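**Student:** Turn this into a model:
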Amino acid sequence: MAAGAVNFDQADVITRALARIPGSVGVDICEQAAAELVRLCGELDADLLKIVGDRILGIVAPEVADELDREAAEREEAQALRERYFTMTPDGVGVRLRGRLTPEGAAVVRAAIDPLCKPVAGDDRSAEQRRADALVDVCRLALATTDLPDNGGDRPQVFVNVDFDVMKQELGVGTLDNGDRVPPETVRRMACAAGLIPLTLNRKGQPLDIGRQTRVVPGALRRAVVARDRGCCFPGCDRPARWADVHHVKHWSHGGPTALDNLVLLCSLHHAEVHKSDGWTVFMDTDARPTFIPPTHVDPLQRPRRNKYHRRQ
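**Tutor:** Got it, this is the predicted structure:
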């Protein structure tokens, strides 16, 4: 600075860069770093010098920098592993998720949900809502496999404990196994991919008989639906079959059979849409193809529509 080769800002950058070098590297390496930074002051202003100062150790002693980087990465990974957590807490509206993942764990989650997060035509969900739905879709796909331990591999089961006369009518508000209440539309949508196990109770509420599952779509029948539909049948949707539920066109609770001409593939987003009281409706046309009728707020004329993505016709 006395000779005018280094100005105040450059000197400040150099002293800060040297202060970040661990003392374990030795005095000689620190002196080499200082000399190199001073030499560069004739070529670089303070901003550019700071960029070099952040990686000066890799310039003057790359083998030492590599070892320090490795040790730092190991410390960061160990800390992330110790501090990882995941909680699900009811907040009066829904369930709030909080947590922290390791970088590796976050990369796995991101790789799984990113393909399901892209916006599609007519999708008015926010990016945050798409990520939330994608996380549920990934878990739903995992439940459909036989690779999970213990009770893995079974689709969700809805246990209905009601009088027989009520059972013949529309399903009412449902209660999940943790006590959370869900509306009738959600109950019916969940029931599409679940087994219905009727329980006959005596006057004391004790079970007398448990019937066999009758709502579940067996593997061979699902394969036939997949071969016909190839993916979600909702107009404009490009979701593949592996992300889709099998929906009963005529609800099972209304006497609809578990048969090919009463089943259609729908992704979770559009499965929810057709279960809305004022949403889209689906029927099997004369050519045995799923056809959709939009609600009046989408098309006042309610003209029938089909998915053109999976079948180019």
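
**Student:** Show the backbone phi and psi for residue 90.
**Tutor:** phi -60, psi 140 (degrees, to the nearest 10).

**Student:** In a helix, residue 123, correct?
**Tutor:** No - assignment of residue 123 by DSSP: H, G, I helix; E, B strand; the rest coil gives coil, placing it outside any helix.

**Student:** Can you list the neighbours in contact with whichever helix or strand residue 15 is part of?
**Tutor:** Assigned by DSSP states H and E, residue 15 belongs to helix 8-19. Contacting residues not belonging to helix 8-19 are listed as 1, 6, 30, 33-34, 37-38, 41, 45-46, 49-50, 53-54, 56 [Cβ atoms under 8 Å, 6 or more residues apart in numbering]. Backbone N, C-alpha and C define where each C-beta goes, glycine included.

**Student:** check contacts around the residue positioned nearest the centre of the chain.
**Tutor:** By Cα atoms, centre = their mean, the chain has its centre lying nearest to residue 135, at 1.8 Å. Counting by Cβ under 8 Å, 6+ apart, residue 135 touches 109, 113.

**Student:** quick one: what helix or strand has it in it?
**Tutor:** Using DSSP H and E, residue 135 sits within helix 127-143.

**Student:** For that helix, give the mean pLDDT please.
**Tutor:** Averaging pLDDT along helix 127-143 yields 87.

**Student:** can you check stretch 85-103 too?
**Tutor:** Mean predicted confidence for stretch 85-103 is 90.

**Student:** Endpoint to endpoint, it covers what distance?
**Tutor:** With Cα to Cα, to the nearest Å as the measure, the ends of stretch 85-103 fall 13 Å from one another.

**Student:** Quick one: residues in contact with that stretch.
**Tutor:** Contacts for stretch 85-103 (Cβ under 8 Å, 6+ apart): 77, 80-81, 83-84, 109, 180.
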